[in-house]
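Asks: quick one: sequence and predicted model below, then my questions.
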Amino acid sequence: MPVPFSNTQARDMASLLHPFTNLTLLRETGPTVIERGQGVFVYGADGRDYLEAMSGLWCTALGWGENELAETAAEQMRKLSFGHIFGGKSHEPGIALAEKLKEIAPFPVGKVFFANSGSEANDSQIKFMWYAANARGQGKRKKIIARNRAYHGVTLASASLTGLDAFHKSYDLPFDFTVRAECPHYYRGGRDGETEEQYSQRLAQELEAQILREGPDTIAAMFVEAVMGAGGAMVPPKGYFEAISAVLDKYGIKLVDDEVICGFGRTGNAFGCQTMNYQPDSMTVAKALSSAYVPISAVMLSPELVEIIEEEATRIGGLWHAFTYSAHPVAAAVALKTLEIYERRDTFGHVRRIAPVFLQRLRALADHPLVGEANGVGLIGAIEMVADKKTKKNFEPSKLVGAMCGRFCEQEGIIVRPLLGDRIALCPPLVISEAEVGELFDRFERGLNKTLEWVRAG
Ligand SMILES: Cc1ncc(COP(=O)(O)O)c(C=O)c1O
């Protein structure tokens, strides 16, 4: 018997346009209304607790209920609730945050530009790449390489780079500046007998061939995520970034590092590029920059890019690109406090200590009858559910096995994220304790077992 919707659920369904949601399932189940959170748990309007194994949307690194951040926001609102950086204005929180990001960046950073979301920051990156190419007299360099299954956001330009069909269908996207490269996923893409390193070399050779076909002097940049998040939470094969970086360097193609998920400790180091061993020319950060307590994102540019952008801006009378809320003082103050907390509490060291426990339980799921691949790095990872473990055959997408698994997991008190290809991502708050990791996998396994029963029942 279907349970009748609560009043809140009915109001939701009459008024909220739900993104990233299977609407057929939603009409059946109604929304899960969350009322409050504490630590790694959130609490539903139905009185139930849920272990939030996705940090919300890969973002709440410090978990819920962090009082210091709430106090910082309130204090800054009282002092200077709004300030901007247009027309030469400035304010201390914006300056201090830019300085801090320059200090902790894993590559030489000239200056920092602020936006509000990952998508806005990535759109800004694309514009800066074009702006710099024009300024250098390389006006043909307009194409941007992004990979299959990449996720770089949803605004028009960043959605074009996103390599997932669902984000293009019915939107007249992608724009034609996009060049699509192969997704580095050894489980699916590696050939029989090929090592991870050999697979990486092959991908680099394919990338070079593609660059030569397109014309190297038509390509401005390549966007990457250290670990592809929304596309499947896939760990790249060994040697991948070393191999593709060499190709990009050879043709003067800039490497834009989208650290919206991996930035600030997620992979065990401050930045994903340190874990995966590559050197970007510019970087996008968001989400954990403020532990998602307030919206803020940033673009960190190399000194060389800043120099050329400022030269061009001087020549044409200004840098005509920014948002009303670029470097919003409340967001900047909260982000600064977040970075201070990470340092004071050694949050990234905690990730390195807890990750082996998380990864051991995650990888053990490879023995589950439903699971083809189970892998991760730091505190991010995924399982992929398959119809046949031997042949790696996927379930029919119309069966909605991933979505159903997400639903069974919720029944077991854990929030996970079903992704394309029946992959289920896990990305808990960085502050999760060892006991909570145990609780996470106990609940997840119960959700998986229920999914298996449901699959077997046809
Ligand atoms: C790697 C990556 N880039 C960009 C974005 C877009 O960020 P936003 O949703 O804040 O626009 C996301 C969002 O999940 C992301 O994971």
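Replies: Yep, that arrived. Residues are numbered from 1 along each chain as shown.
Asks: where does the residue lying closest to residue 382 once chain neighbours are set aside land on pLDDT?
Replies: The shortest distance from residue 382 to any residue other than its chain neighbours is 3.6 Å, reached at residue 233 (C-beta to C-beta, 6 or more residues apart in numbering). Every C-beta, even on glycine, is put in place using the N, C-alpha and C of the backbone. Listed pLDDT for residue 233 reads 98.
Asks: flag the shaky bits of the stretch 301-450 of the chain, pLDDT-wise.
Replies: Low-confidence regions of the stretch 301-450 of the chain, defined by pLDDT under 70, are absent; no residue qualifies.
Asks: show me where it has helices.
Replies: Taking DSSP state H, counting those that start in this stretch to define them, one finds helices in the stretch 301-450 of the chain at 303-316, 329-344, 347-364, 401-411, 434-456.
Asks: contacts only, for the residue nearest to residue 439 when sequence neighbours are not counted.
Replies: Across the structure, with C-beta to C-beta, 6+ apart as the measure, the residue nearest residue 439 apart from its sequence neighbours is residue 51 (6.0 Å). By C-beta atoms under 8 Å, 6 or more residues apart in numbering, the contact list for residue 51 reads 40, 41, 413, 414, 415, 428, 436, 439, 440, 443.
Asks: repeat the analysis, applying 10 Å as the threshold.
Replies: For residue 51, the contact set (C-beta atoms under 10 Å, 6 or more residues apart in numbering) comprises 39-42, 409, 412-416, 428-429, 432, 436-437, 439-444.
Asks: mind giving me the PyMOL select for those, buried ones only?
Replies: In PyMOL, selecting the buried portion of the contacts of residue 51, with burial taken from 16 or more other C-beta atoms under 10 Å, looks like this:
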select buried, resi 39+40+41+42+409+412+413+414+415+416+428+429+432+436+437+439+440+441+443+444
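Asks: I'd say residue 315 and residue 135 touch.
Replies: Yes - Residue 315 is in contact with residue 135 according to C-beta atoms under 10 Å; the separation is 7.8 Å.
Asks: neighbour count winner among those two?
Replies: Between residue 315 and residue 135, counted using other C-beta atoms under 10 Å, residue 135 has the larger neighbour count: 19 against 8.
Asks: surely that one meets residue 319?
Replies: No - with contact defined as C-beta under 10 Å, residue 135 does not reach residue 319; the gap is 11.4 Å.
Asks: neighbouring contacts of stretch 20-33?
Replies: Under the contact criterion C-beta under 10 Å, 6+ apart, stretch 20-33 has outside partners 2-6, 8-13, 16-18, 42, 44-46, 48, 50, 57, 154, 166-167, 230, 400, 402-404, 406-407, 410, 415, 417-418.
Asks: among the residues you listed, which ones lie close to the ligand?
Replies: With C-beta under 6 Å from any ligand atom as the criterion, the subset of those in contact with the ligand comprises 57, 230.
Asks: who are the packing partners of the helix or strand hosting residue 249?
Replies: Here residue 249 is covered by helix 240-250, with elements defined by DSSP states H and E. The contact analysis (3 or more C-beta pairs under 10 Å, 6 or more residues apart in numbering; DSSP states H and E) places helix 240-250 against strand 143-147, helix 196-214, strand 219-224, strand 254-258, helix 272-276.
Asks: okay, buried residues for it please.
Replies: So, applying 16+ other C-beta under 10 Å, buried residues of helix 240-250: 240, 241, 243, 244, 245, 247, 248.
Asks: what do you get for stretch 18-30?
Replies: 22, 30.
Asks: starting at the chain centroid, how far to that stretch?
Replies: For stretch 18-30, the gap between its own C-alpha mean and the chain's C-alpha mean amounts to 23 Å (C-alpha atoms, centre = their mean, to the nearest Å).
Asks: do the same with stretch 84-100
Replies: Computed by C-alpha atoms, centre = their mean, the separation of stretch 84-100 from the middle of its chain amounts to 26 Å.
Asks: what about it, how long is it end to end?
Replies: Looking at stretch 84-100, the gap from its leading to its trailing residue is 19 Å under the measure C-alpha to C-alpha, to the nearest Å.
Asks: and stretch 144-152, by the same measure?
Replies: First residue to last in stretch 144-152 (C-alpha to C-alpha) measures 12 Å.
Asks: and stretch 58-65, by the same measure?
Replies: The distance separating the two terminal residues of stretch 58-65, taken as C-alpha to C-alpha, comes to 17 Å.
Asks: check which residues of that stretch are buried.
Replies: Judged by neighbour count using 16+ other C-beta under 10 Å, the buried positions of stretch 58-65 are 58, 59, 60, 61, 62, 63, 64.
Asks: does the first one touch residue 425 like I think?
Replies: Yes - counting by C-beta under 10 Å, residue 58 sits close enough to residue 425 to count as a contact (7.9 Å).
Asks: common neighbours of these two, please.
Replies: With contacts taken as C-beta under 10 Å, 6+ apart, residue 58 and residue 425 have 229, 230, 233, 261, 380, 417 as neighbours in common.
Asks: got the contact list for stretch 186-195?
Replies: Residues outside stretch 186-195 that contact it (C-beta under 10 Å, 6+ apart): 148-149, 182-184, 196, 198-203, 232, 234-240, 372-375, 384, 386, 392, 394, 421.
Asks: mind listing what's buried along that stretch?
Replies: By neighbour count with 16+ other C-beta under 10 Å, stretch 186-195 contains the buried residues 186, 187, 188, 189, 190.
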